[in-house]
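1. Let me see the structure of the following:
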Amino acid sequence: MQPLNGIFPPTEYPALLVGLSAPDDAAVYRLNPDQAIISTVDFFPPVVDDPYDFGAIAAANALSDIYAMGGEPIMAINLVAYPDGLGLSPLTEILRGGAEKVREAGAVIAGGHTVTDKEPKYGLAVTGTVHPDRIIAKGGARPGDKLILTKPLGSGVITTALKRGLAHPEHVQAAVSIMSRLNRAASRLAVAAQVHAMTDITGYSLLGHAHEMAHLGGVDFVFRFDSFLWMDGAAGYAEQDMFPGGMGRNRDYFSPWVTFDSSISEAEQNLLFDPQTSGGLLMAVPSERTPALLEQLRAHGESACLVGSVEPGDGHLHLLR
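-> Now for the predicted structure:
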């Protein structure tokens, strides 16, 4: 966002609470003392074969940025790129999958825009609301906080195995269920628990998004590898090196801020750099509120786990066995 600062100096837009300075999951604009709007956009090519599932996953992924800020979505706009000659049936199913997921979120799709492209792409521009005093930013983690993750990891290796024709159907279906699950309940519980910081885990991987949180908070994160939950089949596909290209890019960029215990294998390390689609929420939670929040998350069907803690530091991540 730095090039925009020369055109839109943050000091000239005091109502833009999030967007031009520290990076975050979405932009936030204050309308009045009690209400702000959240704006975000996300779209990508198919990650699974079934058009309906793809639409639902893409919609859940876009909606997740609203939830990561502690907000509620109210409206979405379809963004579609679609090839000539592919027929309308797959497109209808993509849009139906997205629409039903947005309806599940309590929001509405109010139109959209379509362009011709060689490869299908779908996503949403989403508008949400939040109280200006209850925004959950990435950068609020404090030493002593505990780290909770609300979904299993592994979608990148599973969808890559699918593209290569090597994924087991039951692994794919389980991953689809996880990726298409809204972060709605988890976000509401995080807001009620007054977590200090939160982000959703997507293309920059668990470690990439964790570094953003730690760096912005001026702290270090200490993770326990054995605490992470994994999608069925993820470990096996990692051993077969079924990683998407984004894994290597994430590793190259974020490795300077990461140290691994010597017992963590290269495949296990790569899993933590694996790009995720519609992943869970990573929360920095006051220590005394962590047990109750974990219990509430699990009671609402979330696969929540305690994965680490926050220590004084400067944005580094430490991976212990």
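
2. per-residue confidence at Met1?
-> At Met1, the model reports a pLDDT of 49.

3. Check Asp24 too.
-> Asp24 carries a pLDDT value of 89.

4. can you give me phi and psi for Asn183?
-> For Asn183, the backbone dihedrals (degrees, to the nearest 10) come out as phi -90, psi 20.

5. I'd like the distance between it and Lys121.
-> Here Asn183 is placed at a distance of 22 Å from Lys121 (Cβ to Cβ, to the nearest Å). Any C-beta I mention is one placed from the backbone N, CA and C, and that applies to glycine too.

6. Surely Ser21 is within a strand?
-> No - with DSSP: H, G, I helix; E, B strand; the rest coil as the criterion, Ser21 is assigned coil and is not in a strand.

7. Tell me how many other residues surround it.
-> By other Cβ atoms under 10 Å, 13 other residues sit near Ser21.

8. which ones are touching the spatially closest residue to it that is not a sequence neighbour?
-> Counting by Cβ to Cβ, 6 or more residues apart in numbering, Pro10 is the residue found nearest to Ser21 once chain neighbours are left out, at 5.1 Å. Shown in contact with Pro10 (Cβ atoms under 8 Å, 6 or more residues apart in numbering): Leu16, Leu20, Ser21.

9. now swap in Pro51 and tell me
-> Neighbours of Pro51 in contact, by Cβ under 8 Å, 6+ apart: Ser89, Pro90, Leu91, Glu93, Ile94, Gly97.

10. do that again at 7 Å, thanks
-> Pro90, Glu93, Ile94, Gly97 (Cβ atoms under 7 Å, 6 or more residues apart in numbering).

11. ok, the last one - contacts?
-> To tie it back to what came earlier, the one meant is Gly97. By Cβ under 7 Å, 6+ apart, the contact list for Gly97 reads Pro51, Tyr52, Asp53, Phe54, Gly55, Ala56.

12. Just say helix, strand or coil for the residue lying farthest from the centre of the chain.
-> Ranked by distance from the centre of the chain (Cα atoms, centre = their mean), the top residue is Gly85, with 32.9 Å. What three-state DSSP gives for Gly85 is coil.

13. what about it, distance to Glu104?
-> Gly85 sits 32 Å away from Glu104, going by Cβ to Cβ.

14. just for the stretch 1-150 of the chain, where's the confidence low?
-> Low-confidence segments of the stretch 1-150 of the chain, defined by pLDDT under 70: 1-3, 5.

15. can you give me the helices in it?
-> Per DSSP state H, counting those that start in this stretch, the stretch 1-150 of the chain has helices spanning 2-5, 51-68, 88-104. These are given in chain order.

16. Figure out which of the ones you listed is closest to Ile38.
-> For those, proximity to Ile38 was assessed by Cβ to Cβ; helix 51-68 is nearest, at 5.3 Å.

17. what's the angle between that closest one and helix 88-104?
-> Interaxial angle of helix 51-68 relative to helix 88-104 (axes from the mean of the first three to the mean of the last three Cα atoms, to 10 degrees): 30 degrees.

18. How far off centre is helix 51-68?
-> Relative to the centre of its chain, helix 51-68 is centred 10 Å away, using Cα atoms, centre = their mean, to the nearest Å.

19. May I see the buried residues of it?
-> Residues 51-68 are the ones in helix 51-68 that count as buried (16 or more other Cβ atoms under 10 Å).

20. Kindly report the same for stretch 112-126.
-> Those would be Gly112, Pro120, Lys121, Tyr122, Gly123, Leu124, Ala125, Val126, for stretch 112-126 by 16+ other Cβ under 10 Å.

21. Can you tell me what sits against that stretch?
-> So stretch 112-126 is in contact with 40-46, 54-55, 58-59, 62-63, 66, 73, 76-84, 94, 98, going by Cβ under 7 Å, 6+ apart.

22. now swap in stretch 73-92 and tell me
-> 43, 51, 63, 66, 95, 98, 102, 105, 107-129.

23. Kindly export it (C-alpha atoms) in CSV.
-> This file holds the C-alpha atoms of stretch 73-92, laid out as CSV (Å, rounded to 0.1, in the frame of the first residue of the first chain):
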residue,chain,number,x,y,z
PRO,A,73,-21.1,-9.2,6.4
ILE,A,74,-24.2,-7.4,5.1
MET,A,75,-23.7,-7.4,1.3
ALA,A,76,-21.6,-8.9,-1.5
ILE,A,77,-21.0,-8.4,-5.2
ASN,A,78,-20.1,-11.3,-7.5
LEU,A,79,-16.8,-11.2,-9.4
VAL,A,80,-16.6,-13.6,-12.3
ALA,A,81,-14.2,-14.4,-15.0
TYR,A,82,-15.5,-17.1,-17.4
PRO,A,83,-14.3,-18.7,-20.7
ASP,A,84,-16.4,-18.6,-23.9
GLY,A,85,-17.7,-22.0,-24.9
LEU,A,86,-17.7,-23.6,-21.4
GLY,A,87,-21.5,-23.4,-21.1
LEU,A,88,-23.7,-21.9,-18.5
SER,A,89,-24.3,-24.9,-16.4
PRO,A,90,-21.0,-24.8,-14.5
LEU,A,91,-21.3,-21.1,-14.0
THR,A,92,-24.8,-21.4,-12.7
